[in-house]
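Colleague: What would the 3D arrangement of this be:
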Amino acid sequence: MVLRFAKHAIAALAVVSIGMHTDAMVASDTRIAGATTRTFVTRDIKTPDPVPLAGIEEAASVMTTGRMYRYNVKPGEDSIVSKCEEEIAAYTGHKYCVALNSCGSAIMLMMKTSGLKSGGKVLSNAFTFGAVPSAIEHAGGKAVYVESDYNHVMDVTDLEKKLVANPDCKHVLVSHMRGKVGDMDAILDACNRHDAVLLEDCAHSLGVRWQGKHTGHMGRACAISSQSYKMINSGEGGFFLTDDPEMAAQCAVYAGAYEGLSSKHTTVPGPEYFETLPTEIPNYSLRMSNIAAAVIRPQILTLEERIVKYNRRYTELTAKLTERMGEHLSIPVNTPGVTTPVHDSIQFNLKKHFTEEMVQKFLKETAAHGLPTELFGARSNARNFINWGFAPADEPLPMTAEMLSRALDCRMPLMWDDSDFDDMADVICESLEAALEDN
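Modeller: Next up is the predicted model:
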């Protein structure tokens with residue numbers, strides 16, 4: 001009876017997955033006639049990457065056995081979470097890996113395991129997602145923000161200024177927002193000179209390489225995400241990665257390796273690093289489940305081919321936008337040192353001759369034509385630092401505020417067809433033209 005249910009469940013899930021692929025193939029653009037023909041996008045900008053059939057089958061198998069808890073494995077067997085940790089660590093090149101329920105948990109634990117004290121200051125990007133200052137608050141720290149520039153990365157000059165002004169700050173958390181990586185050599189040099197621990201938020205930079213190595217190796221530890229809109233999709237999930245054995249051991253215990261359960265991990269250091277840890281630090285129960293790991297594993301195998309596809313489409317799209325509207329917008333430039341970017345979304349800055357009214361007109365035009373674009377500086381956007389009332393900035397951030405006021409964001413769903421990105425370019429350019437007409 002259980003087997004029959006499992007087979008039906010796999011079949012049903014497979015139909016859903018195939019249906020998503022079919023939807024990607026049958027949607028098409030529509031246009032309306034009139035004095036001026038405008039392009040419409042008919043695809044869902046929120047379309048996530050589907051789970052491969054292998055992941056669906058393994059997840060259904062886990063549900064059939066009921067062994068969804070990572071530590072509920074037979075003697076001599078490795079859990080699906082452990083296998084997933086091995087594969088993630090192999091991909092990024094890190095020695096240790098702990099799978100967690102979210103990237104926010106991983107960021108919080110990076111600070112806890114690197115010695116952040118209650119009330120300790122953490123320098124971080126002024127432009128990032130609200131989950132980052134939330135994690136700083138969760139870890140008991142106090143966020144101090146560093147300006148971000150028009151390439152959407154941490155401004156090194158302001159980092160130096162803030163380190164000098166805050167000599168008691170011993171943590172720098174750099175966020176690779178939307179996969180944009182700052183000057184990591186200069187950032188690490190500043191941290192070393194001011195005796196600050198460097199940590200990397202790689203939620204958006206899975207697959208991105210700095211000088212040939214995966215992001216996350218300049219800092220003492222890094223965190224990656226498997227939330228639905230990232231390069232690997234388990235709905236929610238994250239990974240703590242490091243080469244530091246003490247941090248890895250603490251992370252595993254904080255996550256929930258109580259008593260002797262660390263022995264069921266395969267990507268943590270030996271028992272000598274654990275000893276009395278389970279009785280000294282709390283268990284926050286932040287573990288990843290075997291179901292989440294099951295759906296992630298086959299996605300790791302396709303990362304490189306998906307990165308190639310994303311980057312090709314991005315190159316083509318940005319070329320069209322620059323050729324047609326280059327006098328009105330700019331595309332953030334990759335920092336020299338980024339040897340492999342990952343462009344699964346597009347960001348662009350409107351030039352300074354765009355007033356607030358013109359920006360709003362552009363947003364209304366794109367939304368009306370099926371392409372809702374996001375303004376990072378919107379009052380409702382969780383990436384705008386003015387919305388972080390739980391961790392407010394203590395001083396003005398004029399460079400970041402100015403950049404955010406005209407910085408636009410748009411996803412590039414993998415399941416769309418190439419022709420859909422021609423429509424995306426048309427809608428963006430036509431909406432810019434419409435915003436310019438009234439001025």
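
Colleague: Check the burial of P269 by counting its neighbours.
Modeller: 18 (other CB atoms under 10 Å). In short, each C-beta sits where N, CA and C put it, glycine included.

Colleague: Phi, psi for it please.
Modeller: phi -70, psi 180 (degrees, to the nearest 10).

Colleague: From T92, how far out is it?
Modeller: Separation of P269 from T92 (CB to CB, to the nearest Å): 17 Å.

Colleague: Poorly predicted segments of the stretch 1-150 of the chain, please.
Modeller: 1-35 (pLDDT under 70).

Colleague: which stretches of it form helices?
Modeller: 2-26, 53-65, 80-92, 103-113, 131-138 (DSSP state H, counting those that start in this stretch).

Colleague: So what angle separates the directions of the shortest one and helix 103-113?
Modeller: The reference is to helix 131-138. Put simply, helix 131-138 runs at 40 degrees to helix 103-113, going by axes from the mean of the first three to the mean of the last three CA atoms, to 10 degrees.

Colleague: got the contact list for helix 131-138?
Modeller: 103-105, 107-108, 111, 122, 124-125, 142-143, 173, 175, 201, 203, 382, 385, 388, 390-391 (CB atoms under 8 Å, 6 or more residues apart in numbering).

Colleague: 7 Å instead?
Modeller: Here helix 131-138 makes contact (CB atoms under 7 Å, 6 or more residues apart in numbering) with 104, 107-108, 111, 122, 124, 143, 173, 175, 201, 388, 390-391.

Colleague: Out of the residues you listed, the closest to G235 would be?
Modeller: Nearest to G235 among the contacts of helix 131-138, counting by CB to CB, is G104 at 13.9 Å.

Colleague: Now for that closest one: which residues touch it?
Modeller: Contacts of G104 (CB under 7 Å, 6+ apart): 131, 134-135.

Colleague: quick one, what contacts H328?
Modeller: Going by CB under 7 Å, 6+ apart, the list of residues near H328 reads 350-351, 432.

Colleague: Apologies, that question was intended for D183.
Modeller: 156, 335, 337.

Colleague: doesn't Q211 make contact with the last one?
Modeller: Think G337. Yes - in terms of CB atoms under 7 Å, G337 counts as a neighbour of Q211; the distance is 5.4 Å.

Colleague: So for the two, which residue has more residues nearby?
Modeller: Between G337 and Q211, G337 has the larger neighbour count (other CB under 10 Å), namely 15 against 12.

Colleague: could you measure the more buried one against V181, distance?
Modeller: For G337, the distance to V181 - CB to CB - is 7 Å.

Colleague: so what sits against both of the two?
Modeller: Joint contacts of G337 and V181 (CB under 7 Å, 6+ apart) are W210.

Colleague: follow-up on the earlier one: so which of the contacts of G104 wins on neighbours?
Modeller: Using other CB under 10 Å as the neighbour criterion, A135 leads the contacts of G104 with 29 neighbours.

Colleague: any idea how far G115 is from it?
Modeller: 16 Å.

Colleague: Kindly report the same for D155.
Modeller: D155 is 26 Å from G115, by CB to CB.

Colleague: what do you get for A391?
Modeller: A391 is 20 Å from G115, where distance means CB to CB.

Colleague: More neighbours: which of those two?
Modeller: A391 (20 against 12).

Colleague: That one contacts Y145, correct?
Modeller: No - with contact defined as CB under 7 Å, A391 does not count as touching Y145 (9.0 Å).

Colleague: Give the buried residues for stretch 251-271.
Modeller: 251-257, 261-262, 264-265, 267-269 (16 or more other CB atoms under 10 Å).

Colleague: Go through those residues and flag which are in strands.
Modeller: Among those, no member falls in strands (DSSP state E).
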